[in-house]
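In: Model the following, please.
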Amino acid sequence: MFPPRDKRVEVRRSRASRAVALLLALSISISIVLLIAPSAFALPVRWDGGMDAQGWTGPAKTICFAEGTTRNGFEEYLILRNPGLFASNVKITYQLQGGDVQSQSLSMEAGAGAMICVNDAVGAGKDVSTLIEADPGVIAERQIYFNYKGVWMGGTASCGVAGPSTESYFAEGTSRSGFQEWLCLQNPGSTDAVAELTYMLGDGRNLPQDVAVKAHSRETVDVNKAVGPGADVSVLVRSDVPLVAERPMYFDYKSAWRGGSDVSAATKPASQFYFAEGTTRSGFEEWLTIMNPGDDTTATVDYMFSQGTVLTKTYALKGRARTTLFVNAEVGPEKDVSMRVSSPGQILCERPMYFKYHGAWEGGHVVMGSGTGSSSWYFPSVPAGEGFESWLCMMNAGSQTVTVNVEEPGEANPGPSKQLTIDPGARATVDLSLLSAGQSSGWLKISSTGDIVCERSTYFSYDPRVDPQPFTFARWGDVELKCPIRYCDLLGCEFHEGESGASNVQAMQPVGMCLKNDNPSRRFPAVTFGTDGDPAYWVESTRSRGTYSTTACDVHSKAGAVVYAPISGNVMAAEPYMLYNKYPDLRVKIAIDNHPGFYVEVLHMDSLKVSKGQRVEAGVTPIGTVRNLVVYFNDGPNPYTREEGNHTHVQINNNLTGVP
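Out: As a prediction, this is how the structure comes out:
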């Protein structure tokens with residue numbers, strides 16, 4: 001998807017009107033590339049994860065995406081392609097929470113593609129749904145890369161849906177520890193709606209909820225709050241006004257793999273579903289979730305392997321409930337597996353997977369089962385290039401051997417292609433990174449002599465491109481402390497007991513969501529710990545220093561990350577010192593405006609960008625870079641971030657005696 005930087009067309013942040021003018025001016029095969037120009041400083045943190053997408057069987061006149069956001073830590077892209085023989089006129093409408101609407105238009109020649117950075121199109125800090133209208137039609141995919149709450153990194157992909165519906169179904173969902181589930185509802189029409197939600201839990205309970213969704217708008221539902229903790233949940237959405245529903249989830253899977261996943265709703269149950277992708281190889285855990293909105297019934301799963309062998313099992317399904325199967329246990333380890341699920345009743349199926357890809361990139365992805373196969377499939381992009389590995393998974397659920405031709409039109413003419421045969425009941429996998437052969441703007445066109453099912457899975461280490469906004473990570477009275485590490489480089493905030501005596505170091509009020517408090521007995525009486533918000537943080541176990549638990553904060557990142565001033569003020573000192581009277585280190589002290597005698601101290605830098613007497617602006621002025629502390633304290637991964645432990649240290653001191 002993202003070519004090397006010397007092949008990208010890069011522009012700085014601009015208004016949507018300027019973006020449209022640029023879009024219409026470009027005529028290369030990827031006709032639009034709107035990306036944020038790289039920052040003046042290096043980005044040492046990459047966001048790793050994975051995503052899985054189902055393709056299109058043909059162009060659509062209408063495509064809807066309920067999910068989307070340009071909040072700090074999120075980068076959203078729309079990828080469009082015109083696979084037809086004639087030019088297509090496209091209108092994109094961005095529908096924001098609260099009812100505000102923005103739009104842009106473009107013309108796409110036959111075979112042309114478009115990649116639009118939504119952050120640039122609508123601005124920062126927006127929750128946004130998207131409506132695409134095309135004549136005669138296009139295909140589309142929405143990719144989101146994220147650093148969720150400054151802790152969980154990953155990415156998601158969705159091909160959207162071809163229009164709203166009065167019913168939407170989700171088989172997967174959970175509020176177990178480490179999971180945060182959201183439901184995004186888009187109303188692309190001109191009439192206000194009330195969505196009637198039914199949560200079907202794994203224990204058979206059903207919980208109702210009504211949600212108002214204004215016309216041309218979107219609403220977001222916190223499913224964890226709606227169903228309570230520890231629940232496995234399927235969701236049915238009904239409304240007299242057609243809506244679009246999508247379900248993003250973020251997770252710390254088994255306290256081992258962090259990431260996120262996303263899926264658009266199915267609009268009706270069916271008796272049969274297909275999944276082309278699936279594996280139980282080392283580092284992968286695969287699940288099958290089945291929603292049964294009707295009476296008690298059964299489901300038969302045909303597990304199909306690369307060799308053409310099939311393992312068949314039948315399972316009981318409780319009525320108006322959800323059933324979960326662990327595929328690794330059902331088929332055994334080290335298997336690449338496709339699935340066909342059939343039932344005498346009407347059901348819904350999803351397949352979540354969690355992984356640590358090649359022992360390095362952790363995350364998860366999910367897809368809704370395909371209700372039918374097709375002899376033609378299209379994907380608007382092939383995420384490729386440095387840090388991306390993409391695979392095409394195909395299954396033949398029919399009774400005849402099929403011949404499949406995989407083409408990747410792009411910069412080369414003709415583009416690379418591969419032909420293969422797939423036996424009945426078998427699956428096949430194509431290495432798209434190998435097929436791409438260095439192309440930077442390819443897409444996929446798959447044709448078969450019989451019906452097949454296709455998915456494209458991608459694993460990545462992504463270099464963030466959008467400049468984040470300064471944000472508050474702590475408060476001290478009326479003083480807001482801006483995070484010294486930018487959101488794109490943040491690996492988590494870890495509050496702990498400060499080094500100095502109780503009369504010197506000050507307790508800070510953390511901002512955001514407390515993931516874990518391991519030092520409750522040393523809480524400053526006025527400090528509270530939030531259960532939601534941004535960013536996420538931890539409170540470290542006691543260091544037996546006699547100070548309160550939030551009198552210091554280690555803001556984690558990679559060595560070399562730029563450190564910014566936490567407050568606005570004048571630099572009192574920018575100097576070397578000996579950490580623990582043993583290790584060379586650099587620190588900056590900044591006087592707090594309107595609080596005589598109080599200052600912020602920032603430690604653990606290996607270069608300084610300010611000097612004594614200089615005026616700095618909170619969250620804007622760079623003051624140094626993160627020191628590599630591993631050479632001093634090489635004691636394994638940090639227990640909270642699970643990273644190597646490099647950070648900058650922030651605390652508030654006073655130089656007045658006797659001040660509490």
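In: CA atoms for contacts and neighbours, from now on please.
Out: Fine.
In: Now Gly125. Nearest residue, chain neighbours left out?
Out: Using CA to CA, 6 or more residues apart in numbering and skipping residues adjacent in sequence, the residue nearest Gly125 is Arg71, 4.1 Å away.
In: Ramachandran angles for that neighbour?
Out: phi -60, psi 160 (degrees, to the nearest 10).
In: if I pick it, what's in contact with it?
Out: Shown in contact with Arg71 (CA atoms under 8 Å, 6 or more residues apart in numbering): 124-127.
In: Next one: it from Val263, what distance?
Out: According to CA to CA, to the nearest Å, Arg71 and Val263 sit 20 Å apart.
In: next one: Ala559
Out: From Ala559 to Val263 the distance is 35 Å (CA to CA).
In: Which one's more surrounded, these two?
Out: Val263 (26 against 22; other CA atoms under 10 Å).
In: Assign a three-state SS to Asp135, would you?
Out: strand (DSSP: H, G, I helix; E, B strand; the rest coil).
In: List every C-alpha atom in stretch 104-119, with coordinates, as CSV.
Out: The C-alpha coordinates for stretch 104-119 follow below in CSV (Å, rounded to 0.1, in the frame of the first residue of the first chain):
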residue,chain,number,x,y,z
GLN,A,104,-15.4,16.1,-1.8
SER,A,105,-15.8,14.9,-5.4
LEU,A,106,-13.4,13.3,-7.9
SER,A,107,-13.4,11.5,-11.2
MET,A,108,-11.7,8.2,-11.6
GLU,A,109,-10.7,6.8,-15.0
ALA,A,110,-11.0,3.1,-15.7
GLY,A,111,-8.4,1.2,-13.6
ALA,A,112,-7.5,4.3,-11.6
GLY,A,113,-7.0,4.2,-7.9
ALA,A,114,-7.2,6.8,-5.1
MET,A,115,-5.7,6.9,-1.6
ILE,A,116,-7.1,9.6,0.7
CYS,A,117,-5.8,10.5,4.1
VAL,A,118,-9.0,11.2,6.1
ASN,A,119,-7.1,13.0,8.8
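In: So which bits of it are buried?
Out: Neighbour-count burial for stretch 104-119 flags 104-119 (criterion: 16 or more other CA atoms under 10 Å).
In: Tell me the first helix or strand C-terminal of the host helix or strand of Tyr378.
Out: Under the criterion DSSP states H and E, the helix or strand holding Tyr378 is strand 374-379. Counting by DSSP H and E, the next helix or strand C-terminal to strand 374-379 is strand 388-396.
In: Sheet partners, orientation included, of that next one?
Out: strand 426-431 (antiparallel), strand 444-462 (antiparallel) (DSSP bridges).
In: which of the residues in it are buried?
Out: 388-396.
In: hang on, the earlier thing: among the strands paired with strand 388-396, which is nearest Ser234?
Out: strand 444-462 (22.9 Å; CA to CA).
In: Distance from the chain centre to that closest one, please.
Out: 21 Å (CA atoms, centre = their mean, to the nearest Å).
In: List the contacts of the helix or strand just after that strand.
Out: Moving toward the C-terminus from strand 444-462, the next helix or strand (DSSP H and E) is strand 472-476. With CA under 8 Å, 6+ apart as the test, strand 472-476 has contacts from 480-483, 507-512, 534-535.
In: Low-confidence stretches in this structure?
Out: Applying pLDDT under 70 to the chain picks out residues 1-43, 411-413, 438, 440, 501-503, 656-660.
In: Break it down into its domains, please.
Out: 5-462, 472-654 (automatic domain parsing).
In: mind checking how far the residue nearest the centre of the chain is from Val626?
Out: Among the residues of the chain, the one closest to the centroid is Gly155, at 3.7 Å (CA atoms, centre = their mean). In this view, Gly155 and Val626 are 26 Å apart by CA to CA.
In: partners of the helix or strand containing Phe251 in the sheet?
Out: Assessed by DSSP H and E, Phe251 sits inside strand 233-253. According to DSSP bridges, strand 233-253 forms sheet pairs with strand 165-170 (antiparallel), strand 179-187 (antiparallel), strand 193-201 (antiparallel), strand 257-264 (antiparallel).
In: which parts of it are buried?
Out: 233-239, 241-253.
In: CA atoms of that strand as CSV?
Out: C-alpha atoms of strand 233-253 as CSV (Å, rounded to 0.1, in the frame of the first residue of the first chain):
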residue,chain,number,x,y,z
VAL,A,233,-21.6,-11.0,23.4
SER,A,234,-23.3,-11.0,20.0
VAL,A,235,-25.3,-8.0,18.9
LEU,A,236,-28.5,-7.5,16.9
VAL,A,237,-29.3,-3.9,15.7
ARG,A,238,-32.8,-3.1,14.5
SER,A,239,-34.1,0.3,13.2
ASP,A,240,-37.0,1.5,11.1
VAL,A,241,-34.5,3.9,9.5
PRO,A,242,-31.8,2.0,7.6
LEU,A,243,-28.4,2.2,9.4
VAL,A,244,-24.8,1.0,8.9
ALA,A,245,-23.1,-0.7,11.9
GLU,A,246,-19.5,-1.5,12.5
ARG,A,247,-17.7,-3.0,15.5
PRO,A,248,-14.1,-1.9,16.4
MET,A,249,-12.4,-3.7,19.3
TYR,A,250,-9.1,-3.1,21.1
PHE,A,251,-7.5,-5.8,23.2
ASP,A,252,-4.7,-7.0,25.4
TYR,A,253,-5.2,-10.7,24.4
